[in-house]
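Asks: Dropping the sequence and predicted coords here.
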Amino acid sequence: MINKVINFGVYLIVFILPLYLIRFKIAWVPFNILEGLIIILFVLWLVTGRAYSSKYIFYPIFLIFLGVTIATLFSEDISISAGIFKSWFISPLLFFIVLINVVKNKKQIKNILLALFCSGLGVCLIALFYWLTNKLTYDGRLQAFYLSPNYLAMYLSPILILSLYLYFVFDKKIIKLLLFIAHCLLFIILYLTFSYGAWLGVLAALIFILFAFYKFKPVVLNKKIVIVFVLLILVGLISQIPSQKFQGLLDLSYPSLESRLVIWQSAWEITKDHSLIGIGPGMFQKYYLAYQVQLGPYLEWATPQPHSLFLAFWLQAGLLGLVGLIWLLIIFFKGLFYKKLDKEVLIINIFLGATMVYILAHGLVDTTYWKNDLALIFWLIIALGYKGSRFSY
C-alpha cells in the first residue's frame, strides 16, 4: 500500500511543479508547497527502509553539493544562499533519491512523463487565457504567471521535447491526434514568449533526436510528424524575423542582446575574482551591481542570474560545483547508450538525452537550472536516464 502512495506522490509532485510559487513558513523558515510534498514523500520512502546507491553517479553529485555547500558557507548573505541551497539543491536531491529507489520499470517512466505533459498542458491553457485577455509584457511577450517570458519558455520547452516520447506509447490514432493538437498548443505558447534561446534549444534537441534515431534505429520515424514539427519551428522563426527584437539581434543593436553581453562580461569579471569557491547562491545581483563601477553604465539593473548555465554554476557553486556538473553530464550521456538496450528503453533514453541537449543549448544564453521547477526537471532527467538502462524487465 505504501509503495502505491509513494508512486502516486511522485506523479503528483511532477504534475504540480508550478505550485512552488505558493509559499508558507514553518517558524521562521520559508517553504513552498512543492518542498513540503517532497519532504513528506521522502519520509514515506524512508519508512520502507530499503535504499539503493551506486558509486557510479555518487562522486559527481557529491562534488556539486560540496561546491554549493562551501559557496553557501562563505556567502556574504548566508540566509539568501541557504534558502536557495535548500530549494534548488536539497529538495531536488531528496526527490532524486526517491526516484532512483522507486522507479523500477518502463510503466513508471511513462506515467511520470505523462504527468509532466499534463502539467505543461495545464500551464499552456492558463497562458492562453493570459494571451486572450491581452495580459502581456510591455514589449508584447507572453509570460503568464511567471516572472518573465523566458521562465515560461524554460518550463514548457523540456516538457515539449520529453512528451514527444508519448507518440511511441499510444497506438490509437485518436490519442495521437489529441497529442498532436496539444503539441501545437505548446508550440504556439512557446512562440508567444519570443524566447529565441528556447527555439535554439528545441532545434538542437530535434537534431539530436533525428541523429539518434538514424544511428540506433530503434524504430522507423513517422516522417510526416517529423516534417510537421520541423516546419512548426521554421515557421515560428521565420514569422518572427520582421519583429524589432529579431532585427536587433541581426545588427547587434537590440537592447536585450547588448544588455546580455554586458551581463556576461560582468559575470566573467566576477568569476575571475572568485574562481575557486564562487560567491554563493543568489548573490549574483549584489556582485553584478558592485562591479558596475568597473564596467560602465548598465542597460539592465535587475539581473538575479548571469544568463549562462555554466557561469551560474561556477559563480554560485564554485569550481567544484562546475566540475561536478560537467562530470555528471558526461556520465549521463555515456550511460544512455552504453550497452544494447530494449527498444522501448532506447527510445526513452533518446528523448531524455534530447531534453538534456535542450537544457544545455538554451543554457548557453540563459540559466536553465536555477529555479525550483527547472532544478526538479534537471534531476528528474538525470534520475530517469540513470535508471532507464538498469531495469529488470
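Replies: Structure received.

Asks: Tell me which stretches of the stretch 1-150 of the chain form strands.
Replies: Under the criterion DSSP state E, counting those that start in this stretch, strands of the stretch 1-150 of the chain are mapped to 23-26, 29-32.

Asks: Quick one: distance of the last one to the chain centre.
Replies: Taking the mean C-alpha point of strand 29-32 and that of its whole chain, the gap between them comes to 22 Å (C-alpha atoms, centre = their mean, to the nearest Å).

Asks: Among the strands of the stretch 1-150 of the chain, which comes closest to residue 90?
Replies: Set against residue 90 and scored by C-beta to C-beta, the strands of the stretch 1-150 of the chain come closest in strand 29-32, at 11.5 Å. For every residue, glycine as well, the C-beta is placed using N, CA and C.

Asks: Which one, of the strands of the stretch 1-150 of the chain, ends up nearest to residue 87?
Replies: Relative to residue 87, the nearest member of those by C-beta to C-beta is strand 29-32, separated by 7.3 Å.

Asks: As PDB, could you dump the C-alpha coordinates of the closest one?
Replies: Written as PDB, here are the backbone C-alpha positions of strand 29-32 (Å, rounded to 0.1, in the frame of the first residue of the first chain):
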ATOM      1  CA  VAL A  29      11.900  29.000   7.700                       C
ATOM      2  CA  PRO A  30      10.300  29.700   4.400                       C
ATOM      3  CA  PHE A  31       8.900  26.700   2.400                       C
ATOM      4  CA  ASN A  32       6.700  26.200  -0.600                       C
END
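
Asks: can you list contacts of it?
Replies: Outside strand 29-32, the residues that touch it by C-beta atoms under 8 Å, 6 or more residues apart in numbering are 19, 20, 21, 22, 23, 24, 25, 83, 87, 372.

Asks: one more time with 7 Å, if that's ok
Replies: Under the contact criterion C-beta atoms under 7 Å, 6 or more residues apart in numbering, strand 29-32 has outside partners 20, 22, 23, 24, 25, 83, 372.

Asks: Are any of the residues you listed buried, and if so which?
Replies: By neighbour count, with 16 or more other C-beta atoms under 10 Å, those hold 20, 83, 372 as buried.

Asks: returning to what we had before: can I get the strands of the stretch 1-150 of the chain in a markdown table with distance to residue 9?
Replies: Rendered in a markdown table, the data for the strands of the stretch 1-150 of the chain read as follows (distance: least, C-beta to C-beta, whole Å):
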| stretch | distance to residue 9 |
| --- | --- |
| strand 23-26 | 19 |
| strand 29-32 | 16 |
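
Asks: picking that back up, which one of the buried ones among the contacts of strand 29-32 sits closest to residue 94?
Replies: The closest of the buried ones among the contacts of strand 29-32, once distances to residue 94 are taken by C-beta to C-beta, is residue 372, at 13.1 Å.

Asks: That closest one against residue 34, yeah?
Replies: Yes. With contact defined as C-beta atoms under 7 Å, residue 372 and residue 34 form a contacting pair (6.1 Å).

Asks: Now the common contact residues for those two.
Replies: Counting by C-beta under 7 Å, 6+ apart, the common neighbours of residue 372 and residue 34 are residue 20.

Asks: From the contacts of strand 29-32, which one has the minimum pLDDT?
Replies: Least confident entry in those, by pLDDT: residue 25, with 78.

Asks: Tell me who's in contact with that residue.
Replies: Residues in contact with residue 25 (C-beta under 7 Å, 6+ apart) are residue 31.

Asks: how near is it to residue 31?
Replies: Between residue 25 and residue 31 the distance is 7 Å, computed by C-beta to C-beta, to the nearest Å.

Asks: Same question for residue 5.
Replies: Taking C-beta to C-beta as the criterion, residue 5 is separated from residue 31 by 21 Å.

Asks: neighbour count winner among those two?
Replies: Taking residue 5 and residue 31 together and counting by other C-beta atoms under 10 Å, residue 31 has the greater number of neighbours (19 against 11).

Asks: Could you measure from that one over to residue 85?
Replies: The spacing between residue 31 and residue 85, counted by C-beta to C-beta, is 14 Å.

Asks: got it, and residue 72?
Replies: On the measure of C-beta to C-beta, residue 72 and residue 85 end up 5 Å apart.
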